[in-house]
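J.: please find the sequence and the predicted model below.
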Amino acid sequence: MAWIEQALDATGAASIRRRRLPAEQVVWLVIALALYRHQSMPEVLATLDLALPCAAERTVSKSAVTQARQRLGVAPLEQLFGQTARAWCRQDAERHTWQGLSLWAMDGTTFRTPDSAGNRAHFGAQAYASGKIASYPQVRAVSVTAIPTHLVSDIAFGEYGQNEMLYAKTLVEGIADHSLTVFDRGFLCAEILLGLTLAGHERHYLIPAKSNTKWEVLSGTADDCLVRMRVSPQARAKAPELPEHWIARAVRMLSANGKQRILLTSLLDRQRFKADALAACYRRRWEIETSYRELKQS
């Protein structure tokens, strides 16, 4: 209740509490509609047994609920998500550290939305080579998820046609200190990775190199070496604060299908962070896919 009160106060929604369906009860209703999404709205209302300010008014119509949700708006739920995510992730991060670092994964996915003209105009949908358009509008999402617990720490939503990199840039600054974030290779970008390591304290990355990634070997062996990569002029034009070059550690690993893969990481200490341990850590990145399955299906 304290979190809900804080979310309503912080967003100014507390002023609508004295209506037939007070704001704090509408927050509980929105959460319940997500948890019991296979039940109708009257069934969820009956399950919650919401206590109304006036005992004589024992029923709440669906139209009243719809109006109450519109009055509540997005802001209190977004505020509440931030509060719960910070509290629960901080609570669990200390119990599941890896070499003294909390473990995170960043990746993107899509969610289907109700098929309406407004959603199609705002979010768009996948277009196929045949010229057909997907049956439902789709939301593009990029999330930061705790690998050990599958808790979503932060998430950005937007248009389906927007590049995931743009959403990732908005999330990097919120990643915790003393952490290791595992990325998919699609996020191999100096602006994102250097934005992570140069801000905050002990914020590290682990990401597979692309087949066309170029670097200069500074020291080490073919299986574990320090490399220097050039920051492209295009990236420096967008972010002038970036250096001309950046240094990373390149570790060779064998993937589950038997193919060799090179991982790039900002964890340069070979004694503390063994190559085999880094490879095992990267294999856990797929747990974010389990997290997406939980969000979408169960």
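T.: That came through fine. Residues are numbered from 1 along each chain as shown.
J.: ok, Lys62 - how many residues close by?
T.: Using other Cβ atoms under 10 Å, Lys62 has 11 other residues around it. C-beta here means a position set from N, CA and C on the backbone, and glycine is covered the same way.
J.: tell me which element Ala250 is part of?
T.: strand 245-254 (DSSP states H and E).
J.: elements contacting that strand?
T.: For strand 245-254, the elements it packs on are helix 190-198, strand 216-220, strand 224-230, strand 260-265, helix 275-283, judged by 3 or more Cβ pairs under 8 Å, 6 or more residues apart in numbering; DSSP states H and E.
J.: verify the stated contact: His96 with Leu151.
T.: No: when contacts are counted by Cβ atoms under 8 Å, His96 is not listed as touching Leu151 (10.2 Å).
J.: mind checking which of these two has more residues around it?
T.: The neighbour comparison of His96 against Leu151 (other Cβ under 10 Å) goes to Leu151, with 18 against 12.
J.: buried residues, the biggest helix by length in the chain. List them.
T.: Assignment by DSSP state H gives helix 75-93 as the longest helix of the chain. Going by neighbour count (16 or more other Cβ atoms under 10 Å), the buried part of helix 75-93 is Pro76, Leu77, Gln79, Leu80, Gly82, Gln83, Ala85, Cys89, Ala93.
J.: can you check stretch 110-119 too?
T.: Neighbour-count burial for stretch 110-119 flags Thr110, Phe111, Thr113, Asn119 (criterion: 16+ other Cβ under 10 Å).
J.: and for stretch 148-158?
T.: So for stretch 148-158, counting by 16+ other Cβ under 10 Å, buried means Pro148, Thr149, His150, Leu151, Val152, Ser153, Asp154, Ile155, Ala156, Gly158.
J.: how about the residues you listed in CSV, adding distance to Ile192?
T.: Converted to CSV, those look like this (distance: Cβ to Cβ, whole Å):
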residue, distance to Ile192
Pro148, 23
Thr149, 24
His150, 22
Leu151, 22
Val152, 19
Ser153, 16
Asp154, 14
Ile155, 16
Ala156, 13
Gly158, 16
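J.: centroid residue for this structure?
T.: Nearest to the mean C-alpha position of the chain, by Cα atoms, centre = their mean, lies Ser143 at 1.3 Å.
J.: spell out the residue ranges of the helices in the stretch 51-200 of the chain.
T.: Remark: helices assigned in the stretch 51-200 of the chain by DSSP state H, counting those that start in this stretch are 62-72, 75-93, 117-123, 164-172, 190-198.
J.: quick one: contacts of the fourth one?
T.: Okay, so that is helix 164-172. If you take Cβ atoms under 8 Å, 6 or more residues apart in numbering as the criterion, helix 164-172 is touched by 106, 108, 140-144, 154-158, 186-187, 189, 191-192, 195-196, 199.
J.: about what we covered before: using JSON lines, lay out the helices and strands packed on strand 245-254 together with mean pLDDT and mean neighbour count.
T.: Formatted as JSON lines, these follow (pLDDT from 0 to 100; neighbours: other Cβ atoms under 10 Å):
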{"stretch": "helix 190-198", "mean pLDDT": "93", "mean neighbour count": "19"}
{"stretch": "strand 216-220", "mean pLDDT": "95", "mean neighbour count": "11"}
{"stretch": "strand 224-230", "mean pLDDT": "96", "mean neighbour count": "17"}
{"stretch": "strand 260-265", "mean pLDDT": "94", "mean neighbour count": "18"}
{"stretch": "helix 275-283", "mean pLDDT": "93", "mean neighbour count": "16"}
